[in-house]
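Trainee: What shape does this take:
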Amino acid sequence: MLRNQSGISVYTVLSIILFVALVFILAVPNFYNLDKEQNSEDCINSMKQIWVATTDYMKDTNADFNGDLSLLTKTPKVQDPRNKYLQSVPYCPETSRQKSEYVVYGKYVAEQIGTEVKHNFGVIVLCPNMSKFHKHMLDKAFYENMDPTQLQNYMIEDMDYIDKETGSNGARKDELLKKYIEIWKTDPNAFSKRKENSTALRAMLFPDKFGVIEAEI
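Mentor: Predicted coordinates:
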């Protein structure tokens, strides 16, 4: 058997080298966040957590939520004051050294129906890295399992439409979803428009598909 001057066999040296190489290969994906499928799953789980926390907060405040996640980490729950709505602010695992927070917006609409007031809550959570990772998006099935209000259902349907229309074009998807949020932020009649016409808000984003007249409704 071949041995070097220290008495260690060549096969032993090769085994050590192969072992170190194997450890390195296994460690690199975790160290550099190279497992894209796992990162996507982790990101989606973080967005689910944020969505639940924001929705719970809005149900207790009956007001819009403009995206300050630190507010959720500082505010005790109304029904459980020992706990906060969000324990800590999560970040997308694809985020570089300079972390960017998730884009979050919550819309509250009180609808008078006869003598009763119907409370509508709609929350949108977007990954800050959507332009590069188009799969980092909450799917329709998640919302449908969360007992959504009519407003949230409107948002679900519109976002699902945007997702399908943009496909793997993350930059376009990110651009249109943020424009969609701006519609809800700036148009006080967005809810009534969407209620009267299921494509009213989509037409503002895709005027070429729905026509100029509908886009101006």
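
Trainee: Dump stretch 130-147 to PDB, restricted to CA.
Mentor: Taking C-alpha atoms only, stretch 130-147 is exported to PDB below (Å, rounded to 0.1, in the frame of the first residue of the first chain):
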ATOM      1  CA  MET A 130     -40.700  39.500  -6.700                       C
ATOM      2  CA  SER A 131     -39.000  41.000  -9.800                       C
ATOM      3  CA  LYS A 132     -36.300  38.300  -9.600                       C
ATOM      4  CA  PHE A 133     -38.300  35.400  -8.100                       C
ATOM      5  CA  HIS A 134     -41.800  35.300  -9.700                       C
ATOM      6  CA  LYS A 135     -42.800  32.200  -7.700                       C
ATOM      7  CA  HIS A 136     -42.600  34.100  -4.400                       C
ATOM      8  CA  MET A 137     -46.300  34.800  -4.300                       C
ATOM      9  CA  LEU A 138     -49.200  33.700  -2.200                       C
ATOM     10  CA  ASP A 139     -51.500  31.500  -4.300                       C
ATOM     11  CA  LYS A 140     -55.300  31.600  -4.600                       C
ATOM     12  CA  ALA A 141     -55.700  28.500  -2.600                       C
ATOM     13  CA  PHE A 142     -54.200  30.000   0.600                       C
ATOM     14  CA  TYR A 143     -56.600  32.900   0.700                       C
ATOM     15  CA  GLU A 144     -59.600  30.700  -0.100                       C
ATOM     16  CA  ASN A 145     -58.900  28.600   3.000                       C
ATOM     17  CA  MET A 146     -58.800  31.700   5.300                       C
ATOM     18  CA  ASP A 147     -62.500  32.600   5.200                       C
END
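
Trainee: residues in contact with that stretch?
Mentor: If you take Cβ atoms under 8 Å, 6 or more residues apart in numbering as the criterion, stretch 130-147 is touched by 36, 39-40, 43-44, 47-48, 51-52, 55, 92, 94, 125-127, 129, 152-153, 156, 159-160, 163, 166-171, 173-174, 177. In short, each C-beta sits where N, CA and C put it, glycine included.

Trainee: Please indicate which of those are buried?
Mentor: 39-40, 43-44, 47, 51, 55, 92, 94, 125-127, 129, 152, 156, 159, 163, 166, 170, 173-174, 177 (16 or more other Cβ atoms under 10 Å).

Trainee: What distance do you get for Met159 to Lys84?
Mentor: Separation of Met159 from Lys84 (Cβ to Cβ, to the nearest Å): 27 Å.
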